[in-house]
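[1] Need coordinates for the below:
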Amino acid sequence: MKIDVVLSAGMKAKHDFSGQIVVVIDVLRATSTILTALTNGCLEVIPVQKVADALALAERVGRDQFLLGGERKGIPIPGFDLGNSPLEYTRERVEGKKVILCTTNGTKALNETKGAAEVIIGSFLNITRVASYLKETEKDITLFCSGQDGGLAIEDLLCAGQIIKKLLFITKNATIPELTDAGRVALITYKHLANKNKGPIIAMAQSGHGQYLASIGFNDDLLHCSQVDALPNLAEYKNGSVVLK
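    Numbers count the residues shown, from 1 in each chain. Purely as a prediction, here's the structure:
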């Protein structure tokens, strides 16, 4: 088993995910929001990259069949039912519903995973469940950090590093995974920050995107998204939508 890490969606060098298990990570906030919605009874989440694509899909299948969710620059998209705050996706709002989700980074990453054998949703909220699932595979693994506008997002790299740390721990008596250099960087990042902080919230609050979200009123999202193992469910992106696995 080899573990690689992609640092951001939208990178010029496209990756070949053929035959791999890919874990898409967008801690702030798409994968955290998707997992929260599904845990609260949402039937499926369909990720799209463009606002026009979301509107066209809703029009084609029937606007009353879906809730529209998403953001641009962290702000809810005008005319959509929901933004990208996981706290909006309550059981009262999404149970029994389907959601079309359009975000800046996370849904872009999901749509870049073509060819993968499996695509799993990763976040701090389900991190141990993800690591336990990966332990059972013999396939190569790529932890796909969605990043921020084509650049690194420290919270995604921290999450990837913690998944690797957990995998190394639970496979210590089995075959030790091989890490690429990017995988080693993620692990080193986690070890460095974990030595300074008791949890991811401090690092998240100090990250560029974390500070931006707090500045526009989403500080509570940081608290929600930093809860390790709060929603221990497994979700899979398959055939264009994300459902609980």
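
[2] quick one: low-confidence ranges for this protein?
    12-13, 172-176, 195-198 (pLDDT under 70).

[3] Where do the helices of it begin and end?
    30-39, 51-61, 91-94, 106-110, 127-135, 154-170, 181-196, 200-206, 208-215, 219-225 (DSSP state H).

[4] Which one of the ones you listed lies nearest to residue 245?
    Proximity to residue 245 (CB to CB) singles out helix 127-135 among the helices of the chain, at 8.2 Å. (Each C-beta comes from the backbone N, C-alpha and C, glycine too.)

[5] just how off-centre is the closest one within its chain?
    14 Å (CA atoms, centre = their mean, to the nearest Å).

[6] Dump that helix to PDB, keeping only the CA atoms.
    Output in PDB follows, covering the C-alpha atoms of helix 127-135 (Å, rounded to 0.1, in the frame of the first residue of the first chain):
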ATOM      1  CA  ILE A 127     -11.300  10.700  10.700                       C
ATOM      2  CA  THR A 128     -11.000   7.400  12.700                       C
ATOM      3  CA  ARG A 129     -13.700   5.700  10.700                       C
ATOM      4  CA  VAL A 130     -11.900   6.700   7.500                       C
ATOM      5  CA  ALA A 131      -8.600   5.400   8.700                       C
ATOM      6  CA  SER A 132     -10.200   2.100   9.900                       C
ATOM      7  CA  TYR A 133     -11.700   1.600   6.500                       C
ATOM      8  CA  LEU A 134      -8.500   2.300   4.700                       C
ATOM      9  CA  LYS A 135      -6.700  -0.200   6.900                       C
END
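
[7] how much does it deviate in direction from helix 30-39?
    Computed by axes from the mean of the first three to the mean of the last three CA atoms, to 10 degrees, the angle separating helix 127-135 from helix 30-39 equals 90 degrees.

[8] Just the residues contacting helix 127-135, thanks.
    With contacts defined as CB atoms under 8 Å, 6 or more residues apart in numbering, helix 127-135 is touched by 21, 23, 120, 122, 141, 159, 162-163, 166-167, 170-171, 228-229, 232-234.

[9] What residues of it count as buried?
    Within helix 127-135, the residues that count as buried by 16 or more other CB atoms under 10 Å are 127, 129-131, 133-134.

[10] which of those lies closest to residue 73?
    residue 127 (27.3 Å).

[11] For that closest one, give its distance to residue 183.
    Per CB to CB, to the nearest Å, residue 127 is found 16 Å from residue 183.

[12] next one: residue 16
    In terms of CB to CB, residue 16 sits 16 Å off from residue 183.

[13] Looking at these two, which one has more neighbours?
    Counted by other CB atoms under 10 Å, residue 16 and residue 183 do not tie: residue 183 has more neighbours, with 23 against 10.

[14] That one is in contact with residue 3, isn't it?
    Yes. Counting by CB atoms under 8 Å, residue 3 is a contact partner of residue 183 at 4.7 Å.

[15] Which among the helices of the chain is found nearest to residue 9?
    Using CB to CB, the helices of the chain put helix 106-110 closest to residue 9, at 3.9 Å.

[16] And the closest one, what does it pack against?
    strand 21-25, helix 30-39, strand 44-48 (3 or more CB pairs under 8 Å, 6 or more residues apart in numbering; DSSP states H and E).
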